[in-house]
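# Provided below are the primary sequence and the corresponding predicted coordinates.
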Amino acid sequence: MPINLQKAEFVRSAAKAGDFPRDRLPQVAFAGRSNVGKSSIINRLLNRKNFARVGAAPGKTTHINYFLIDSAFYLVDLPGYGYAKVSMAERQRWGRLMEEWFADPGLMTLGLMIVDARHKPTADDCTMASFFKNSGRPFAVVANKLDKLRKSDIQPNLARIRETLELADSVKLIPFSAEKGEGKQDLLNLILSHVEDMA
């Protein structure tokens, strides 16, 4: 039976390790800077207009949000990072929550890190990439906002992202446009291949 992506429901917001679901369903995690368009990508994948709340102010998602897709897997929205107006205490709380989540080997099936295709990844992006690499779990990088680039800039920018994040050749880098839907099928295929492997 193919997975029905339209059948998506918000399940919970986790503020601490005790809140993480541990029911053995696959968990596909999305991480990215506060304004990189993570919610827009999730909405595009699920064909829903505003399913994952597109925050008016970046940095609003300070919990880990779980969405259950067709009772088959969780889409895990990790809190956005790198937003300047967040207090130091809030940033430390974010760091602890991330460390607890990544430290649990039973949680993540696939990690997806969202970056902005137009810019060189930031120091925060590099830190996030380290979380994914150190987890030992499969992950891929999604370069969003492709529609904002000139055709001639796409390949050089993708090469710069790969180099800055020090990605192994085995790590997929998917060019994506939440606006236009480019890359959607590639990303869905990747997600479903990992989720169905565990079914």
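Received it, and whenever you're ready, just let me know what you need.
# the least confident helix or strand in the chain by mean pLDDT: how far from the chain's middle?
Evaluated with mean pLDDT, DSSP states H and E, the helix-and-strand set of the chain has its lowest mean pLDDT in helix 88-103, which scores a mean of 85. Distance of helix 88-103 from the chain centroid (C-alpha atoms, centre = their mean, to the nearest Å) equals 16 Å.
# can you give me the strands in this protein?
Listed in chain order, the strands of the chain (DSSP state E) span 8-14, 27-32, 64-69, 73-77, 110-116, 139-144, 173-175.
# what angle sits between the least confident helix or strand of the chain and strand 64-69?
Helix 88-103 runs at 40 degrees relative to strand 64-69, counting by axes from the mean of the first three to the mean of the last three C-alpha atoms, to 10 degrees.
# return helix 88-103 as PDB; C-alpha atoms alone will do.
Written as PDB, here are the backbone C-alpha positions of helix 88-103 (Å, rounded to 0.1, in the frame of the first residue of the first chain):
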ATOM      1  CA  MET A  88      21.300  32.800  25.500                       C
ATOM      2  CA  ALA A  89      19.300  30.600  27.900                       C
ATOM      3  CA  GLU A  90      16.900  29.700  25.100                       C
ATOM      4  CA  ARG A  91      19.900  28.800  22.800                       C
ATOM      5  CA  GLN A  92      21.300  26.600  25.600                       C
ATOM      6  CA  ARG A  93      18.000  24.900  26.100                       C
ATOM      7  CA  TRP A  94      17.800  24.300  22.300                       C
ATOM      8  CA  GLY A  95      21.400  22.700  22.400                       C
ATOM      9  CA  ARG A  96      20.400  20.400  25.300                       C
ATOM     10  CA  LEU A  97      17.200  19.300  23.600                       C
ATOM     11  CA  MET A  98      19.100  18.600  20.300                       C
ATOM     12  CA  GLU A  99      21.900  16.700  22.200                       C
ATOM     13  CA  GLU A 100      19.300  14.500  23.900                       C
ATOM     14  CA  TRP A 101      17.500  13.800  20.700                       C
ATOM     15  CA  PHE A 102      20.600  12.900  18.700                       C
ATOM     16  CA  ALA A 103      22.100  10.900  21.500                       C
END
